[in-house]
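**Q** Sequence first, predicted model second:
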Amino acid sequence: CPLLKTLATSSRLSALSVSSRFSRGLATAVEQKLPATLHLKTGESFKGTSFGAPTSVFGETVFSTSITSYTESMTDPSYRGQILVFTSPLIGNYGVPKNEAPFTSQDVGVILESKGIQCAAVVVGDVAEKYSHHTAVESLASWCKRYNVPAITGVDTRAITTLLRDQGTTLGRLAIGQDAALPAPAAEEYWDPSQENLVDQISTKEVYELNPTGSIKIALLDFGAKANITRSLIRRDASVTVFPWNYDFNKVRDQFDGLFLSNGPGDPQQCWDAALHLRRTIQEWNKPIFGICMGHQIIGMAAGLDAYRMTFGNRGHNQPVLALANAGSIKAGRVYVTSQNHQYALKLQDPFPQGWEPFFINCNDSSVEGIKSTEVSGKRVWGVQFHPESAGGPLDTIEMFTDFVDECKAVKEALGGAPSEPVAEKVAVHA
Ligand SMILES: NC(=O)CC[C@H](N)C(=O)O
């Protein structure tokens, strides 16, 4: 029958064209997809496929339980030096947006958390090769390649996470291409980022001011600040002057209505200079001070608390914290869901240093999630281990920025509302 003949021919043809298209695709895929191996210092190796830059790196292997916001996590400077394992199995499905905003005095110049990818490498169970989002301009793979960041897919991220949860954050190496077949590095070859002052590498070298016409003047010590911290202050009509992390704020403090200490990578013990400057500020200055994550750890160290290294830290956008004290929008007894990314924490000690009290506690592991100066101390200092600015993550505690800015305004008014002086000293502190 002619009809059957035609059908048979056309199906043979389409089968042929499908198979040749498939084999062409396969050939390209085989060319492009290099082997990759993730080695852990504890002796385990995981073999998969490279989808990022063809370069091998060392780093500290950590896991994040966030389901979305891989773009925000990867641009968070606190991930510097870390090989970031996503527990969420499919990563990359909404691609990567164009990371540009106008760099004006009112804007920080990016829409993500910093200009480029900050983590050392990424590990995903299954990378989405096709992406779909109205703001996306490229795939996760192309973004990693552009920033020379290696990435591995096709590994059992559940097994890796179970290991990291049991044995703690572990040094690792992501080996790509020919390196992937080499034996695992010897124990002493692993690079340990916590031995370096990562904050000093990432912090601004120059003092600069954003939103100079804002109604209050905030100084921000930059330990590796996420852009959304600065944005959250500017959106509340604050002018923000950004200083290097080890700048002695006491030299210029009379020109400001409040002090902010940002998040940052690595071990807070590397930042004692900042804690000692801050100790003097807290003793001699009664205006509002707010710190997030690394900033909170520095406040704690200045207050006399110890910072310790946790087994695997908390990284994700679903960490519940219980408020222990009332302050502004925060109500004691309420649980807030928060975004977190930290390896270190302040030790809960009894009694707390005089003039200080715990502010929040983690509902999962009871670690200290916040501290504050007591009412009777006459000080106005808060620190939180989590990220109220989110990006990504829930906005449960975003109003803490409003509380801080309102407190700065109230103190400014109480002091007579004198217009803030311009910052006298605009210097590059680092050589
Ligand atoms: N996000 C942060 O500021 C992290 C602080 C510190 N690097 C830690 O890991 O605990």
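**A** Structure's in. What do you need?
**Q** Show me what from the stretch 201-350 of the chain comes close to the ligand.
**A** Contact residues (C-beta under 6 Å from any ligand atom) of the stretch 201-350 of the chain with the ligand: Asn263, Gly264, Pro265, Gly266, Cys293, Met294, Asn341, His342, Gln343, Tyr344. No exception for glycine: its C-beta is placed from N, CA and C like everyone else's.
**Q** In helices, which of those residues fall?
**A** Mapping those onto helices (DSSP state H) picks out Met294.
**Q** Distance across stretch 122-141, terminal residue to terminal residue?
**A** Terminal residues of stretch 122-141 are spaced 10 Å apart (C-alpha to C-alpha, to the nearest Å).
**Q** all helices for the stretch 101-250 of the chain, in order.
**A** 140-146, 157-167, 198-202, 227-234 (DSSP state H, counting those that start in this stretch).
**Q** if we can go back for a sec, check the residues of the stretch 201-350 of the chain next to the ligand against Glu196 and report the nearest one.
**A** Among these, Gly266 lies closest to Glu196 (C-beta to C-beta), at 6.8 Å.
**Q** Spatially central residue in the chain, please.
**A** When C-alpha atoms, centre = their mean is applied to the chain, the residue found nearest the centroid is Asp76 (3.4 Å).
**Q** For burial, what's the neighbour tally of the nearest residue to Glu44 once chain neighbours are set aside?
**A** Distance criterion C-beta to C-beta, 6 or more residues apart in numbering; nearest residue to Glu44, sequence neighbours excluded, is Leu163 at 6.3 Å. Leu163 has 18 neighbouring residues, counting by other C-beta atoms under 10 Å.
**Q** Wait, Leu163 touches Thr170, no?
**A** Yes. Counting by C-beta atoms under 8 Å, Leu163 does reach Thr170; the two are 7.4 Å apart.
**Q** Spell out which residues are contacts of both of the two.
**A** Leu40, Thr42 (C-beta atoms under 8 Å, 6 or more residues apart in numbering).
**Q** all strands of the stretch 151-300 of the chain, in order?
**A** For the stretch 151-300 of the chain, applying DSSP state E, counting those that start in this stretch gives strands covering 151-153, 170-176, 208-210, 216-222, 238-244, 258-261, 289-292.
**Q** In CSV: these, plus mean pLDDT, distance to Ala327 and mean neighbour count.
**A** Shown next, in CSV, are the strands of the stretch 151-300 of the chain (pLDDT from 0 to 100; distance: least, C-beta to C-beta, whole Å; neighbours: other C-beta atoms under 10 Å):
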stretch, mean pLDDT, distance to Ala327, mean neighbour count
strand 151-153, 98, 41, 28
strand 170-176, 98, 37, 25
strand 208-210, 95, 26, 17
strand 216-222, 98, 18, 26
strand 238-244, 97, 19, 23
strand 258-261, 98, 15, 27
strand 289-292, 98, 11, 28
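**Q** got the domain boundaries for this protein?
**A** Using automatic domain parsing, the domains assigned to the chain come out as 33-195, 198-414.
**Q** before we move on, the earlier item: which residues does the residue nearest to Glu44 contact?
**A** Counted by C-beta under 8 Å, 6+ apart, Leu163 has contacts Leu40, Thr42, Glu44, Thr170.
**Q** measure the third one to the ligand for me?
**A** When you say that, I think you mean Glu44. As judged by C-beta to the nearest ligand atom, to the nearest Å, Glu44 and the ligand stand 23 Å apart.
**Q** For that residue, give me phi and psi.
**A** The phi and psi values for Glu44, taken as degrees, to the nearest 10, are phi -90, psi 150.
**Q** Regarding stretch 136-144, how distant is the last residue from the first?
**A** Stretch 136-144 has an end-to-end distance of 14 Å (C-alpha to C-alpha).
**Q** can you give me how far that stretch is from the chain middle?
**A** Centroid displacement of stretch 136-144 relative to its chain, using C-alpha atoms, centre = their mean, to the nearest Å, is 19 Å.
**Q** list the buried ones in that stretch?
**A** Going by neighbour count (16 or more other C-beta atoms under 10 Å), the buried part of stretch 136-144 is Ala136, Ser139, Leu140, Ala141, Trp143, Cys144.
**Q** what's the spacing between the residue nearest to the third one when sequence neighbours are not counted and the ligand?
**A** To tie it back to what came earlier, the one meant is Leu140. Leaving aside its chain neighbours, Leu140 sits nearest to Gly92 (3.5 Å; criterion: C-beta to C-beta, 6+ apart). As for Gly92, its distance to the ligand is 23 Å (criterion: C-beta to the nearest ligand atom).
**Q** ok, how many other residues are close to Gly92?
**A** With other C-beta under 10 Å as criterion, Gly92 counts 26.
**Q** Quick check: nearest residue in space to Trp143, chain neighbours excluded?
**A** Trp143 sits nearest to Val96 (C-beta to C-beta, 6+ apart), 4.3 Å away.
**Q** hmm, I was thinking of Gly295
**A** The nearest residue in space to Gly295 (C-beta to C-beta, 6+ apart) is Leu261, at 2.9 Å.
**Q** repeat for Asp403
**A** Nearest residue to Asp403 in three dimensions, chain neighbours excluded: Gly328, at 2.9 Å (C-beta to C-beta, 6+ apart).
**Q** Quick one: residues contacting that neighbour.
**A** Gly328 is in contact with Glu399, Met400, Thr402, Asp403, Phe404, Asp406, Glu407, counting by C-beta under 8 Å, 6+ apart.
**Q** Which pair of those residues spans the longest distance?
**A** Distance extremes for the contacts of Gly328: the farthest pair is Glu399 and Glu407 at 12.2 Å, using C-beta to C-beta.
**Q** the more surrounded of those two?
**A** The neighbour comparison of Glu399 against Glu407 (other C-beta under 10 Å) goes to Glu407, with 21 against 14.
**Q** The more buried one sits in which helix or strand?
**A** Per DSSP states H and E: Glu407 is located in helix 399-414.
**Q** Between helix 227-234 and that helix, find me the angle.
**A** Counting by axes from the mean of the first three to the mean of the last three C-alpha atoms, to 10 degrees, helix 399-414 lies at 40 degrees to helix 227-234.
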